[in-house]
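>>> Below is the sequence, then the predicted model.
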Amino acid sequence: MKIKNQIGLALSLILLSTSVATAQPKPTDSPNPTISTQQQEELEKLQQEKEIRDRVQSEVDRAFGNSTTLLNILLIVLTFLPILAASGVWLLRRSVVSELVAETKQQLEKEV
């Protein structure tokens, strides 16, 4: 019995002295092997969201660019409209004055 106890004791010491083997995670194809698959999925999701935000921002910029162009054209037209109206009224006034002068001359010629 003493031999069996000594063998058991030696076997227990050997088993206790050896380190326990643990399974290592499989290396992934990710650029950073320390990132877990959940973190990698989150990164991919964030990248997709960033791409979507960038697309939306470019569409908004394009739409506002078109709107801004139209507003600038409208502003230019509305700026020149009073100037054109004033010059039209001035030309009309000159034409009325010159016609009155011509009629007055005709009446004076008839009377004289």
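Perfect, thanks for sending it.
>>> Look through the protein and tell me its longest helix.
As assigned by DSSP state H, the longest helix anywhere in the chain is helix 37-111.
>>> Mean confidence (pLDDT) on that one, please.
For helix 37-111, mean pLDDT is 93.
>>> Offset the numbering so it begins at 873, please.
Renumbered: residue one is now 873, and that last one reads helix 909-983.
>>> list the helices and strands that helix packs on?
Applying 3 or more CB pairs under 8 Å, 6 or more residues apart in numbering; DSSP states H and E, we find helix 909-983 packed against no helix or strand. C-betas here are computed from N, CA, C, even on glycine.
>>> Next one: the residue nearest to the spatial centre of the chain relative to Glu916, how far apart?
The centroid of the chain falls nearest to Gln929 when counting by CA atoms, centre = their mean (1.4 Å). According to CB to CB, to the nearest Å, Gln929 stands 20 Å off from Glu916.
>>> Likewise for Phe936?
30 Å.
>>> what do you get for Leu943?
Distance from Leu943 to Glu916, by CB to CB: 40 Å.
>>> give me the number of residues near Ile907?
The tally of other residues near Ile907 (other CB atoms under 10 Å) stands at 14.
>>> With adjacent residues omitted, what lies nearest to it?
The shortest distance from Ile907 to any non-neighbouring residue, by CB to CB, 6 or more residues apart in numbering, is to Leu915 (7.3 Å).
>>> Distance check, that neighbour against Arg927.
19 Å.
>>> Determine the number of other residues adjacent to the residue nearest to Ile907.
With other CB under 10 Å as criterion, Leu915 counts 13.
>>> close enough to count as contact, it and Ser908?
No: using CB atoms under 8 Å, Leu915 is not in contact with Ser908, being 10.5 Å away.
>>> could I get stretch 960-970 in PDB with only the CA atoms?
Output of stretch 960-970 as PDB, limited to C-alpha atoms (Å, rounded to 0.1, in the frame of the first residue of the first chain):
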ATOM      1  CA  GLY A 960     -38.700 102.200 -69.000                       C
ATOM      2  CA  VAL A 961     -40.700 104.900 -67.200                       C
ATOM      3  CA  TRP A 962     -38.000 107.500 -68.100                       C
ATOM      4  CA  LEU A 963     -38.100 106.500 -71.800                       C
ATOM      5  CA  LEU A 964     -41.900 106.600 -71.800                       C
ATOM      6  CA  ARG A 965     -41.800 110.100 -70.200                       C
ATOM      7  CA  ARG A 966     -39.400 111.300 -72.800                       C
ATOM      8  CA  SER A 967     -41.600 110.000 -75.500                       C
ATOM      9  CA  VAL A 968     -44.700 111.700 -74.000                       C
ATOM     10  CA  VAL A 969     -42.800 115.000 -73.600                       C
ATOM     11  CA  SER A 970     -41.500 114.900 -77.100                       C
END
